[in-house]
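*Asks:* starting from these lines, generate the structure:
(2 chains)
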2 protein chains.
Amino acid sequence: MEKHKALQKLSNGYYILTALKPADELKTRDKDYIAAGIINWASQVSFDPLQIAVSVQEDSHINETIDYSGNFTLHVLSQKQLSLIEKFSEDSEITDDRINGVPYAVKDGMIGLKETLASIDCNLSDSVRCGDHTLHIGEVINSHVLEDETPLTTNERPSSYQGEK
Amino acid sequence: MEKHKALQKLSNGYYILTALKPADELKTRDKDYIAAGIINWASQVSFDPLQIAVSVQEDSHINETIDYSGNFTLHVLSQKQLSLIEKFSEDSEITDDRINGVPYAVKDGMIGLKETLASIDCNLSDSVRCGDHTLHIGEVINSHVLEDETPLTTNERPSSYQGEK
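*Replies:* Below you'll find the predicted structure:
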C-alpha cells in the first residue's frame, strides 16, 4: 500500500548517468571501468559554483565507479529516447564505441553518449549517504545541448522510482 | 551569456517550501518564526528511509528557519496555482491563518498550505552546504495529495532558477 502518494507528484526527468575510470589509472586490470544507468533523481543545487546533485543506489555499479573516478556525466532524455529507458535499466552491454547500442565518445576522461537531448559533465565535489542511496554533488565543467526537444518527465511517463518501493 | 544551457533541460517542479519555529520554544520573542518561499530544486533521494532533498539559498529567511526548526514542508504546485509563484517569490505577508493570502493550518509544528496540489512534511536528517545554497535532506513523516492535477514543471514554465545567474 502506498502511504506517501504525494511523492509521486514531485517532477523528475529521465537521465542516463555515466562514469568512467580509465584502465591506465588502474593497477589490477587493463580495461576501463565504465558504468551507465537510468536515474530519475537529479537537480541543480547551486549557482556559484554551478553544481548538480544525483542520487544513486548505494549498491550499484555506477555508484562504485563514481567513487573511483571522481566524475560523472548526466545525460537528459527526451520522448525520442523512450526506448533507452529499458535498455539502460539492465546491466550494460559495452563495446569500444557503444553502450547498449548507443554511440559514445570519451573526452577528458568522461563519457558522452551521442543520442541524447543534453549532457552535463561534472567533477565530484562531495558525496553524502542518504539511506539506501548516495547523493553525489558535482561541479559542472562542461555541457552540451544536442537536440531541440522537450525533456521527458515523470509526469508524462510515471516511474517506479518515486514514492515507496 | 549562458554557457551551460544544458542545465535548463533538467526537469524541476514548482514548490512552496515552508518552515515554522514555534514561539513557545523561543526565549527572545513571542511570535512564531514562519518562513515560506518558492523553490524549484527538490527531489526524492532515498527509499529507505523515505527522504527528499531541497536546495535553499544560503542567505534566505527560509534557510535560517529550517536550521532553527529542524523540519520543513514541501508543497507541490500545479498549473492552477500559477499566481502563487509571484506571491511567494517576495517577502511573505503572514497573518494568523494566511500566508500571502493562502489559508494554512499548523499541525505537529509544521505548516500545511491548503490551496496546493500536495504537501510533504519532513524532519531534517542532514544539511549540506553546496556553494551559495544549502541542501536540506529530510525524512518524510507525513504527506497529503490535495488535488487530482498534474504538477507544474519548468518545461511548461521556464524558471530563472535554472542554469547560470
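
*Asks:* contacts, neighbours, all on C-alpha from now
*Replies:* Will do.

*Asks:* contacts only, for residue A:162.
*Replies:* Contact partners of residue A:162, counting by CA atoms under 8 Å, 6 or more residues apart in numbering or on different chains, are A:7, A:8, B:44.

*Asks:* quick one, helices of chain A?
*Replies:* Counting by DSSP state H, residue ranges of the helices within chain A are A:61-69, A:82-87.

*Asks:* what about the ones you listed, which gets the closest to chain B?
*Replies:* Across those, chain B has its closest neighbour in helix A:61-69 (13.8 Å, CA to the nearest CA).

*Asks:* and the pLDDT for residue A:117?
*Replies:* The per-residue pLDDT reported for residue A:117 equals 98.

*Asks:* and it, how many neighbours?
*Replies:* Using other CA atoms under 10 Å in any protein chain shown, the number of residues around residue A:117 comes to 25.

*Asks:* and the one 3 residues further on, by the same measure?
*Replies:* The number of residues packed near residue A:120 is 24, by other CA under 10 Å.

*Asks:* low-confidence regions, chain A specifically.
*Replies:* Where chain A drops to pLDDT under 70, the residues are A:1, A:26, A:28-30.

*Asks:* and the end-to-end length of stretch A:35-48?
*Replies:* Between the opening and closing residues of stretch A:35-48 lies a distance of 28 Å (CA to CA, to the nearest Å).

*Asks:* can you pull out the strands in chain A?
*Replies:* Remark: strands assigned in chain A by DSSP state E are A:15-21, A:33-39, A:42-46, A:51-57, A:71-76, A:98-99, A:102-107, A:110-113, A:118-130, A:133-145.

*Asks:* what packs against the fifth one?
*Replies:* Applying 3 or more CA pairs under 8 Å, 6 or more residues apart in numbering or on different chains; DSSP states H and E, one finds that strand A:71-76 makes contact with strand A:15-21, strand A:110-113, strand A:118-130.

*Asks:* which of those is buried the deepest?
*Replies:* Per residue and on average, the most neighbours among these fall to strand A:15-21, with a mean of 26 (mean count of other CA atoms under 10 Å in any protein chain shown).

*Asks:* and that strand, which strands flank it?
*Replies:* Each strand pairing with strand A:15-21, determined using DSSP bridges, is listed with its direction: strand A:33-39 (antiparallel), strand A:71-76 (antiparallel).

*Asks:* most packed of those strands?
*Replies:* Ranked by average neighbour count under the criterion mean count of other CA under 10 Å, the strands paired with strand A:15-21 are headed by strand A:71-76 at a mean of 28.

*Asks:* picking that back up, could I get the helices and strands packed on strand A:71-76 as JSON lines with distance to residue A:73?
*Replies:* Rendered in JSON lines, the data for the helices and strands packed on strand A:71-76 read as follows (distance: least, CA to CA, whole Å):
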{"stretch": "strand A:15-21", "distance to residue A:73": "5"}
{"stretch": "strand A:110-113", "distance to residue A:73": "7"}
{"stretch": "strand A:118-130", "distance to residue A:73": "4"}
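
*Asks:* who wins for proximity to residue A:50 among those strands?
*Replies:* Judged by CA to CA, the one of the helices and strands packed on strand A:71-76 that comes nearest to residue A:50 is strand A:118-130, at 9.6 Å.

*Asks:* so that closest one, near chain B or not?
*Replies:* Yes. Applying CA under 8 Å from any CA of the partner chain, one finds that strand A:118-130 is in contact with chain B at A:118, A:119, A:120, A:130.

*Asks:* which of those sits closest to residue A:61?
*Replies:* Proximity to residue A:61 was ranked across those by CA to CA; first place goes to residue A:130, at 17.1 Å.

*Asks:* contacting residues around that closest one?
*Replies:* Applying CA under 8 Å, 6+ apart, one finds that residue A:130 lies in contact with B:45, B:46, B:51.

*Asks:* what of residue A:14?
*Replies:* With contact taken as CA under 8 Å, 6+ apart, residue A:14 is in contact with A:38, A:39, A:40, A:76, A:77, A:78, A:85, A:151, A:152, A:153, A:154.

*Asks:* switch to 6 Å and redo it
*Replies:* Each residue near residue A:14 by CA atoms under 6 Å, 6 or more residues apart in numbering or on different chains is listed here: A:40, A:77.

*Asks:* list the beta-bridge partners for the residue nearest to residue A:121 when sequence neighbours are not counted.
*Replies:* Leaving aside its chain neighbours, residue A:121 sits nearest to residue A:73 (4.4 Å; criterion: CA to CA, 6 or more residues apart in numbering or on different chains). The residues listed as beta-bridge partners of residue A:73 by DSSP bridges are residue A:18, residue A:121.

*Asks:* spell out which parts of chain A neighbour chain B.
*Replies:* A:4, A:6, A:11-13, A:41, A:43, A:45-49, A:55, A:118, A:131-133, A:143-145, A:164 (CA under 6 Å from any CA of the partner chain).
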